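Novice: What would the 3D arrangement of this be:
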Amino acid sequence: MKLTVVNSTKTRVPKTLFMKILDQLPKVIPGITQTELELLLTTDEEIHALNKTYRGKDRPTDVLSFGLEDPTNLGQLVISVPRAREQAEQIGQALNEELRFLFAHGLLHLLGYDHEDPADEKIMLGKAYKLLGRIPN
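Specialist: Numbering: from 1, shown residues only. A predicted model of the protein is given here:
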């Protein structure tokens, strides 16, 4: 899958961090036909504005997913790098690992997975951990 990354932050984040997840995608979720995905790495201020505009939530968040009705483009993921850094510090993991988790989480939202109830959350987390290589396929 082709990944276009736009980083509007000062934090250097290697694209390969996310490509490993995309390489696992067909093994975890077979039958995906889209070949393109966009990723915006941004600030709390920018994701706050997007969250307010598109979800009616007047606060920053960690990741947003915007799906497209397009046969080739899966959509766009937006990740707040400052929020990811804060969350990584809270749980004692590296920023890159939190960015990978948020990317996998957002990707699963684009593919129709959700975590509104405990059963769905368990399924979604299992898929995320498989994408991250934490659970064998």
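Novice: When you work out contacts or count neighbours from here on, use the C-alpha atoms and nothing else.
Specialist: OK.
Novice: Quick one: residues contacting the most centrally placed residue in the chain.
Specialist: The geometric centre of the chain, computed from its C-alpha atoms, lies nearest to residue 103 (Cα atoms, centre = their mean), at 2.3 Å. Contact analysis of residue 103 by Cα atoms under 8 Å, 6 or more residues apart in numbering lists 18, 63, 77, 79.
Novice: Rebuild those residues as CSV, extending it with distance to residue 43 and neighbour count.
Specialist: Listed next are the contacts of residue 103 as CSV, based on distance: Cα to Cα, whole Å; neighbours: other Cα atoms under 10 Å:
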residue, distance to residue 43, neighbour count
18, 18, 20
63, 11, 23
77, 13, 24
79, 8, 26
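Novice: among the residues you listed, which are in helices?
Specialist: residue 18 (DSSP state H).
Novice: among the contacts of residue 103, which two are most distant?
Specialist: Using Cα to Cα, the contacts of residue 103 reach their maximum pairwise distance at 18 and 63, which is 14.2 Å.
Novice: still on that earlier bit, the contacts of residue 103 in strands, which ones?
Specialist: Under the assignment DSSP state E, the contacts of residue 103 contribute 63, 77, 79 to strands.
Novice: In the protein, which helix is the longest?
Specialist: The longest helix of the chain (DSSP H) is helix 95-110.
Novice: between the contacts of residue 103, which is closest to residue 120?
Specialist: residue 63 (18.4 Å).
Novice: could you pull out the helices for the chain?
Specialist: 16-28, 44-55, 81-91, 95-110, 118-131.
Novice: Could you dump these into CSV with mean pLDDT added?
Specialist: As requested, the helices of the chain are exported to CSV (pLDDT from 0 to 100):
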stretch, mean pLDDT
helix 16-28, 95
helix 44-55, 97
helix 81-91, 98
helix 95-110, 97
helix 118-131, 95
